[in-house]
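**Q** pasting the sequence and the predicted model now:
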Amino acid sequence: MDVINKIYKTLHKQYGPQGWWPLFNAKTGKFEYHKGDYSLPKNDAQRFEICVGAILTQNTSWVQAEKALLNLEKINALSPNAILKMSMEKLSAIIKPSGYFRQKAKKLKEFTKFYNSLNSSIPKREELLSVWGIGNETADSMLLYSFKVPTFVVDSYTKRIVSSLGLISAKDSYDEIKAFFEKNLKPDIKIYQEYHALIVEHAKHHYSKKPYGSGCFLRKG
DNA sequence: AACCAGGACGTGA
DNA sequence: TCACGTCATGGT
């Protein structure tokens, strides 16, 4: 079997299903993963929530993005209409815990306008990329976890791991790394969703502090 | 107390 | 194209 599929099997066996993307549960008042359930998001509100979370977590830990999302949720503002009508001052204050709050407030406004223009259709990748504040990873995260398009998400961890394993060159582009994964995987939404989440989980264990890759079991074999 | 976290954009070479 | 600065809060 090829390396890409071997890595997937190994990570899945080690960590199990990750159940991304976490969604707010009104009953528990917390954000929850949904391991083994690939039917989500189940409605438009959840689709929008995932997109907002994808912007808020840019270069920020998920727990910080979660705080910002919870702040929005608490004032019942995790919706397109609420975000559009909120002032920039109010919006940036509400999402402050996620960092880069001025930029992200603008990004949320810009994206929400675009989101409304979709009228519940699925955006093309290039369309998402044309929105200010939506780059490669954010676009792919939205497509994969919100719109359920089997597109591979590459993040800094992905690059760090495959580069460290010698599978790619350190200066390969986003699109090259993405293509490297996609050419070896069948376009299965479950596998794509789990693969990226597993990479993040694995990176948190073995690729977050230097020297990167210490104790990484992907190296033995 | 430096470093990092589920990046993207603007600028100058 | 690409290397580098900027944006910013909160964990460890």
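**A** Looks like it arrived, so ask away.
**Q** make it CA atoms for all contacts and neighbour counts henceforth
**A** Noted.
**Q** which positions in chain A make contact with DNA strand B?
**A** With CA under 7 Å from any atom of the strand as the criterion, chain A meets DNA strand B at residues A:20-22, A:54, A:57-63, A:100, A:129, A:131-139, A:141, A:155-157, A:200, A:204, A:207-210.
**Q** now with 6 Å?
**A** A:21, A:54, A:57-62, A:132-139, A:155-156, A:204, A:208-209 (CA under 6 Å from any atom of the strand).
**Q** buried ones from these, can you make that a PyMOL selection?
**A** Entered in PyMOL, the line below selects the buried ones among the residues of chain A next to DNA strand B, by 16 or more other CA atoms under 10 Å:
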select buried, chain A and resi 21+54+57+58+62+133+134+135+136+137+138+139+155
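**Q** how about A:N25, phi and psi?
**A** Dihedral angles of A:N25 (phi, psi; degrees, to the nearest 10) stand at phi -110, psi 110.
**Q** how about the helices in chain A?
**A** For chain A, the helices defined by DSSP state H cover A:3-15, A:44-56, A:62-74, A:80-85, A:88-94, A:101-118, A:125-129, A:136-141, A:156-164, A:174-182, A:189-206.
**Q** out of those helices, deepest packed?
**A** helix A:136-141 (a mean of 23; mean count of other CA atoms under 10 Å).
**Q** quick one, domains of chain A?
**A** Annotated domains of chain A cover A:1-17+A:151-221, A:41-149 [automatic domain parsing].
**Q** not counting its neighbours along the chain, what's nearest the residue sitting nearest the centre point of chain A?
**A** Centrality entry for chain A: nearest residue to the mean C-alpha point is A:S141, 4.2 Å, by CA atoms, centre = their mean. Residue nearest to A:S141 in three dimensions, not counting chain neighbours: A:V153, with 6.0 Å by CA to CA, 6 or more residues apart in numbering.
**Q** wait, the one you found sits on A:D140?
**A** Yes. If you go by CA atoms under 8 Å, A:V153 and A:D140 touch, sitting 5.4 Å apart.
**Q** residues from chain A in reach of DNA strand C?
**A** Contact residues, chain A versus DNA strand C (CA under 6 Å from any atom of the strand): A:60, A:96-103.
**Q** out of the helices of chain A, flag the one nearest A:K148.
**A** helix A:189-206 (6.6 Å; CA to CA).
**Q** quick one: mean pLDDT for the closest one?
**A** Helix A:189-206 carries an average pLDDT of 98.
**Q** and the contacts of that helix?
**A** Residues from elsewhere that reach helix A:189-206 (CA atoms under 8 Å, 6 or more residues apart in numbering): A:8, A:11-12, A:15, A:17-20, A:38, A:144-145, A:148-154, A:157-158, A:161, A:212-216.
**Q** likewise stretch A:70-90?
**A** Contacts of stretch A:70-90 (CA under 8 Å, 6+ apart): A:45, A:48-49, A:69, A:91, A:94-95, A:105-106, A:108-109, A:112-113, A:115-116.
**Q** alpha carbons of that stretch, as PDB, please.
**A** C-alpha atoms of stretch A:70-90 as PDB (Å, rounded to 0.1, in the frame of the first residue of the first chain):
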ATOM      1  CA  LEU A  70     -19.500  30.900  22.800                       C
ATOM      2  CA  ASN A  71     -19.600  34.700  23.200                       C
ATOM      3  CA  LEU A  72     -21.500  34.900  19.900                       C
ATOM      4  CA  GLU A  73     -23.800  32.100  20.900                       C
ATOM      5  CA  LYS A  74     -24.600  33.700  24.300                       C
ATOM      6  CA  ILE A  75     -26.000  36.800  22.700                       C
ATOM      7  CA  ASN A  76     -27.700  34.700  20.100                       C
ATOM      8  CA  ALA A  77     -25.500  36.200  17.300                       C
ATOM      9  CA  LEU A  78     -24.200  33.100  15.700                       C
ATOM     10  CA  SER A  79     -26.200  33.800  12.500                       C
ATOM     11  CA  PRO A  80     -25.700  35.700   9.300                       C
ATOM     12  CA  ASN A  81     -28.200  38.400  10.100                       C
ATOM     13  CA  ALA A  82     -26.900  39.000  13.500                       C
ATOM     14  CA  ILE A  83     -23.300  39.300  12.300                       C
ATOM     15  CA  LEU A  84     -24.200  41.600   9.500                       C
ATOM     16  CA  LYS A  85     -26.100  44.000  11.700                       C
ATOM     17  CA  MET A  86     -23.700  44.100  14.500                       C
ATOM     18  CA  SER A  87     -21.200  47.000  14.600                       C
ATOM     19  CA  MET A  88     -17.600  46.300  14.000                       C
ATOM     20  CA  GLU A  89     -16.800  47.500  17.500                       C
ATOM     21  CA  LYS A  90     -19.300  45.100  19.000                       C
END
